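build the 3D model from these lines:
(chains A and B)
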Amino acid sequence: MSWLTDGVMQAVLLITAGITLGMLASLVVQRTLRRRRASVRARLDERIRPLVLAATVAEDDETDALLARVRALGADERAHVRRTVFAMLRDVTGEAADRLRAVGDAAGIVPRVLALSEDRSPALRADAAEALGLLQPPGALALLCRLAEDPVPAVRTVAIRALGAYTEPEAVERVIAALATDSGVPNNAAASALLQQGLAAGDRVRLALEHPDAGVRRGAARVAGLLQAPGVGERLVGLLDDDDESVRLAAIRSLERLPVAAAVPVLLEAALADGRDGEAAAATLAAMPPAWTTGALARIEAQGVPAVRRAAGIAREALA
Amino acid sequence: MSARILVVDDDRDIRDLVAIKLESAGHEVVMQPDGSQGLEAALAGGWSVIVLDVMMPGMSGIDVLRAVRERGDRTPVILLTARGQEKDIEAGFAAGADDYVTKPFSPRALLARVTAALG
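Predicted coordinates:
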């Protein structure tokens, strides 16, 4: 340690103090800038928010004047209009949403969103995908289909959710593809989008029940009962002996909403077997028309394990 | 007919969107940003209708509704629930809700439900 002279020590201390002071100064500057940005935004919000809110309840003859006011705003103000419209569009539907879209359009939201859809930042591409779903400008479907293939799963997920607002065949096709096990999109998200597409997806859902990928079969089975698409009941019965347990369970639960007489013997077999589908099968049987299930429920009562009997009994009581 | 309406929601955008629609129909609107302040206002009484968000941090809309009904207050309550939350709807009706609206919502449809609740 003889090399550690007083001079070296002083230099080390000075450098350390300099670095510490530099870091402190940087923190103070960042904090000040953040506060300043927040304060600028708060002032903008005070002016812009009432204008955007007024647009949501404007009468037809007031709309043009409001949109002209938006177009006349400065660049920062129009940017704030875009942010406000984007946030509010998540909350409303119908006429108010149409009015907000018109305000967003007047503030130049569409070109901005189109540009963001190609941004390097995945967070901004995801925002663009959400905005495309909310705004639905011309050309949005093609862009969303592209974003549904984005290398980042979070972007793909947002794009698939947004595609739920579209009923065109290519949108349905992308959403069905996102149900696949290795799509990187949560099955729930894709199934919800499919459900949102409604009966426009009915034919594809029926075909998807026979897809080789278990994730696609599961998602389609979950949605089939809710959609009540014609002709899916018989195909759901076919899934009751699927190799994948989650597919079987989804089919059993869907049959609760879409009862099919042909399912009764298979459901009874599942309820009496020593498997994990037993309780769900019993509950579904109990929810079906009594004319089909009296015998099956009597057998469950006589031979079923307690949990399965309870599942059948509880559902029956609820129906009564 | 002008009515006094309490709107309780932790989301500022939703509070403002509900309020501006109801005010545009000539109603007087008071907003509260959370369940406990909402309950305090609700219990103060004098409301024609209460619009109550279900999912709020701390005290939920269902908790507020139960507390209101426990006091014997039968003010019409319309719940705001998230789409797909059927359990919230069941729990809401069990707690004494009169109607519900799912989010995202149509302000025009909400106004129609408020008008219906006002009888």
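
can you pull the residues of the stretch 1-150 of chain A lying near chain B?
By Cβ under 8 Å from any Cβ of the partner chain, the residues of the stretch 1-150 of chain A that approach chain B are A:49, A:53-54, A:56-57, A:87-88, A:90-97. C-beta here means a position set from N, CA and C on the backbone, and glycine is covered the same way.

now do the SS call for the spatially most central residue of chain B.
Compute the mean C-alpha point of chain B, and by Cα atoms, centre = their mean the closest residue is B:V51, 1.4 Å away. Put simply, B:V51 is strand when judged by DSSP: H, G, I helix; E, B strand; the rest coil.

quick check: bridge partners of it?
Here B:V51 sits in beta bridges with B:V7, B:I78, going by DSSP bridges.

quick one: it and B:I5 touch, right?
Yes. Between B:V51 and B:I5 there is a contact at 6.5 Å, judged by Cβ atoms under 8 Å.

tell me, what's touching those two both at once?
Both B:V51 and B:I5 are contacted by B:V114, under the criterion Cβ atoms under 8 Å, 6 or more residues apart in numbering or on different chains.

of the residues of the stretch 1-150 of chain A next to chain B, buried ones?
A:R49, A:L53, A:A54, A:T56, A:V57, A:M88, A:D91, A:V92, A:T93, A:A96, A:A97 (16 or more other Cβ atoms under 10 Å in any protein chain shown).

now for the helix or strand harbouring the third one, which elements pack on it?
In this structure, A:A54 sits in helix A:6-56 according to DSSP states H and E. Judged by 3 or more Cβ pairs under 8 Å, 6 or more residues apart in numbering or on different chains; DSSP states H and E, the packing partners of helix A:6-56 are helix A:60-71, helix A:75-89, helix A:94-106, helix B:12-24.

and the last one with strand B:49-53, angle?
Read that as helix B:12-24. Between helix B:12-24 and strand B:49-53, the angle comes out at 160 degrees (axes from the mean of the first three to the mean of the last three Cα atoms, to 10 degrees).

now helix B:12-24: mean pLDDT?
The average pLDDT within helix B:12-24 is 95.

now do the longest one
The predicted model gives helix A:75-89 an average pLDDT of 95.

what angle separates it from helix A:60-71?
Using the same axes, to 10 degrees: helix A:75-89 against helix A:60-71 is 130 degrees.

helix A:75-89 packs against which elements?
The contact analysis (3+ Cβ pairs under 8 Å, 6+ apart) places helix A:75-89 against helix A:6-56, helix A:94-106, helix A:109-116, helix A:122-135, helix B:12-24.

and B:T81, which of these is closest to it?
Closest to B:T81 of these, according to Cβ to Cβ: helix B:12-24, at 11.9 Å.

low pLDDT regions in the chain?
You didn't say which chain, so I picked chain A. Scanning chain A for pLDDT under 70 picks out the ranges A:1-4, A:314-320.

meant chain B, my bad for not saying
B:84.

returning to that earlier point: which one of the helices and strands packed on helix A:6-56 lies closest to A:A17?
Nearest to A:A17, of all the helices and strands packed on helix A:6-56, is helix A:75-89, at 40.0 Å by Cβ to Cβ.

what's the burial count for residue 83?
Just so you know, I chose chain A. 17 (other Cβ atoms under 10 Å in any protein chain shown).

ah, I was thinking of chain B
11.

once you drop chain neighbours, what's closest to it?
Closest residue to B:R83 apart from its sequence neighbours, by Cβ to Cβ, 6 or more residues apart in numbering or on different chains: B:T102 at 4.8 Å.

residues contacting A:L285?
With Cβ under 8 Å, 6+ apart, A:L285 has these contacts: A:V264, A:L267, A:L268, A:A271, A:T293, A:A296, A:L297, A:I300, A:A312.

burial measure for the closest residue to chain A within chain B, as a count.
Going by Cβ to the nearest Cβ, chain A is nearest to B:S106 of chain B, at 3.5 Å. B:S106 has 17 neighbours, counted by other Cβ under 10 Å.

list the contacts for the residue lying closest to it once chain neighbours are set aside?
Spatial nearest neighbour of B:S106, excluding adjacent residues (Cβ to Cβ, 6+ apart): A:G94 at 3.5 Å. Each residue near A:G94 by Cβ under 8 Å, 6+ apart is listed here: B:S106, B:P107, B:R108, B:A109.

isn't there a strand covering B:T81?
Yes. Secondary structure of B:T81 (three-state DSSP): part of a strand.

thought it was touching B:I89?
Yes. In this structure, B:T81 is within contact of B:I89 by Cβ under 8 Å, at 5.8 Å.

overlap in contacts of the two?
With Cβ under 8 Å, 6+ apart as the test, B:T81 and B:I89 both reach B:Y100.

compare these two and say which is more crowded by neighbours.
Using other Cβ under 10 Å as the criterion, B:T81 and B:I89 rank with B:T81 on top: 24 against 15.

who's in contact with A:H211?
A:I176, A:R217, A:A220.

look up how far chain B lies from A:A208.
From A:A208 across to chain B, the span is 21 Å (Cβ to the nearest Cβ, to the nearest Å).
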